[in-house]
Structures are given as structure tokens and as C-alpha cells.
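Undergrad: with the sequence up front, the predicted model follows.
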Amino acid sequence: MKAVRLHAYHQQPVIEDVPEPQAKEPFDVVVKIGGAGVCRTDLHIIEEQWAEKSGVTLPYTIGHENAGWVHEIGPGVTNVAVGDTVILHPTPTCGLCHACRAGNDMHCENSVFPGIDSDGGMAEYLLTSARACIKLDPSTQPADVAALADAGITAYHAVRKAVPQLYPGTVCVVNGAGGLGHIGIQSLRALTAATVVVVDRNAEALELAAELGADHTVQADGKQVDAVLDLTGGNGAEVVLDFVAEQGAQQDAFAMTRRNGSHFVIGYGSNIDIPTIDIISTERNVIGNLVGTYNDLVELMVLAQAGKVTLHTKKYPLDAALDALADLDAGRVRGRAILTP
């Protein structure tokens, strides 16, 4: 089968033929990929940012947000059958450790992360597990929902955590209205009554944000912190969801957060430099976010199939994976790029 393989850091991946995976263990599931999202994390992987954390051995196949059709199952699999349409939680988990039993899938002690630490889904087939599969309506096109498996669940997870702080009358800033941010806006609209302020440097992204229900849009032109403070009576927002977190956006996000508010870090790439006295004297919280739980993805798919969360995508054939990565890196993708093998 064809797969997008990274052979060396700081070099472009290679599209090449590799053996198809097989269901060898009782709960293995092989999925024929119908859509694989292209994420900034793929760029960060190529830049070697994940090398130490993932410990992956090169070469390997990238791609960590996937949907498709069940192609082969192990003898112990009962929740899906060959031919089922499925979206995949990004981490096949053990189901037995404390984190799994508490529903914190992302902190499973024995999980793997296809596309990060093992072969992923930018290929024709992907090996995963029964626990990672969410069965979808057969009419669902995997390419239309694949990005919900990572971008979607990550944005939804952050919003879900912020909901208790976003009672009516509060303000939430969405910093960045790209692949994750545009899903975050829709999740906020579906789950809260908060006023939504969206900040982005791209005018087209702000137009999309307004179409999706943002109450205010702010151009990131160097005056975005002052603009948010003006909109909030000088106080800042109760919650700031930072989907950028690099190139200075992470400092802006903390500055837009009001006293006793929360700054959710969802994007990544740069360090946050905050004087500790600013944290204790204002009781502002800085909260990390790692993808989401299995149930987060189930809930998100309910919203998606009800038409309350829709993905804006640009589709590329698998052979054009390098074009998709280049377009993403250059900011030419509005919403999410999707590979279709």
C-alpha cells in the first residue's frame, strides 16, 4: 500500500509502498482509510519537536486523525464488523489502568499514538484497536469527519473543560480561528451562552469565524490585546482558548485573561514567560490540554451528525500529501486539509 513516510527530520516525507498491516492480536482492527487529516503537529513532527517525547524510530508513517471503514478484525472484536464506517480515537488504549477506568484515555499508561509514536493513517490502511473505534452512520463519508478525530476532539475537550466557567454574561476569547479554532467556536455556540470573541491575523479566518457565530472578531495586528480589553471593560475574558500558542500569541492570550480567569493552552510551539507574581496576585490559571477522551469524541460526533459542528475542509489525494503539508505551512488552508487515499 501507499503511505506517507518520514525518513529524516527536517526533510519532507516520502510517499512509498509498504506492507499492509494485519490484525494479529484479538482486539486488533485494520481500517481502510477514507480520510486522514493534515495537522500542524505533522509539521512539528518533521521539525523534530516530538522526537524526544515520542521516541519513534524512523522511518514511519505519519497521520494521527483518521476515519474510514473496518477492513479486518481480530477474533475478540465484537463492537465493530468488517465494512462498518468508523472514526478513530487517536490513542488505542488498554482499558485496564487507572486512567482508562477513570475515562482519561489520553493518560493511559499503556497506549500508543499512531502517527506520533508508531505508524499512522496517512496511508491506505491503519492498524488500531477495537477500543479506538466509534461506529458511525453508514452514510457518513469518512473524509468529511476525519479531522474531528484530532482537531475536533482537541477543540471540543478544551471547551468542555471550560464550560463551568462560561455561564451567561461571561466572555470567551478564541485565539486563532484555523483548523482547531473554527471547531472551538462551534462547540462554544453549542454548549454555552458566553460572548465569543475571535482573534486571528487572517481576514478570511475572521470572516469564517463570524459566519460560525462569533459575536466579535479582532484582527491580530499588534493591537489585539488592547482591542480585547476594550471589549471587556478593561478586565479581559473569563476564558481564553489559545489555539496558536506560538510566535507571541501565547503571551497575548495570558494578557487577555481577566483576574481569576483561565488561559487554556491548546496550540503549542513557543514558551510562556509569566512572572509568578502575576499568577498569584491575579489568580489566573494556565491549563494544558491534550487531545480528549473517547466520550468527548462520541459527544462531538453527536453534534456533528446533528449539523451543529461542521468541518471546513480542503481535500487532497494521498499522492498530493506534500502539497497539503506545504499549503498548511504557508497558511493557505482555511479549516482543515484532508488526504483521501
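TA: Nice, I can see it. Numbering: from 1, shown residues only.
Undergrad: which stretches of the stretch 51-200 of the chain form helices?
TA: Assigned by DSSP state H, counting those that start in this stretch, the stretch 51-200 of the chain shows helices spanning 51-54, 98-101, 142-145, 151-162, 181-191.
Undergrad: closest to residue 197 out of those helices?
TA: Ranking the helices of the stretch 51-200 of the chain by proximity to residue 197 (CB to CB) places helix 181-191 first, at 10.2 Å. Using the backbone N, CA and C atoms, a C-beta is placed for each residue, glycine as well.
Undergrad: show me what contacts the spatially closest residue to residue 248 that is not a sequence neighbour?
TA: Leaving aside its sequence neighbours, residue 248 sits nearest to residue 270 (CB to CB, 6 or more residues apart in numbering; 7.4 Å). Listed by CB atoms under 8 Å, 6 or more residues apart in numbering, the contact set of residue 270 reads 245-250.
Undergrad: that older thread, nearest to residue 84, of the helices of the stretch 51-200 of the chain?
TA: The nearest among the helices of the stretch 51-200 of the chain, by CB to CB, is helix 142-145 at 11.1 Å.
Undergrad: contacts for the closest one?
TA: 33-35, 67-69, 85-87, 136, 152, 301, 304, 311, 313, 315, 338, 340.
Undergrad: any idea how far residue 341 lies from residue 79?
TA: 24 Å (CB to CB, to the nearest Å).
Undergrad: should've said residue 198
TA: 38 Å.
Undergrad: can you give me the buried ones in the helix or strand where residue 315 lies?
TA: Using DSSP states H and E, the element containing residue 315 is strand 313-317. The neighbour-count check on strand 313-317 (16 or more other CB atoms under 10 Å) flags 313, 316 as buried.
Undergrad: which secondary structure elements does it contact?
TA: The contact analysis (3 or more CB pairs under 8 Å, 6 or more residues apart in numbering; DSSP states H and E) places strand 313-317 against helix 142-145, helix 321-329, strand 336-340.
Undergrad: chain center to stretch 65-77, what's the gap?
TA: 22 Å (CA atoms, centre = their mean, to the nearest Å).
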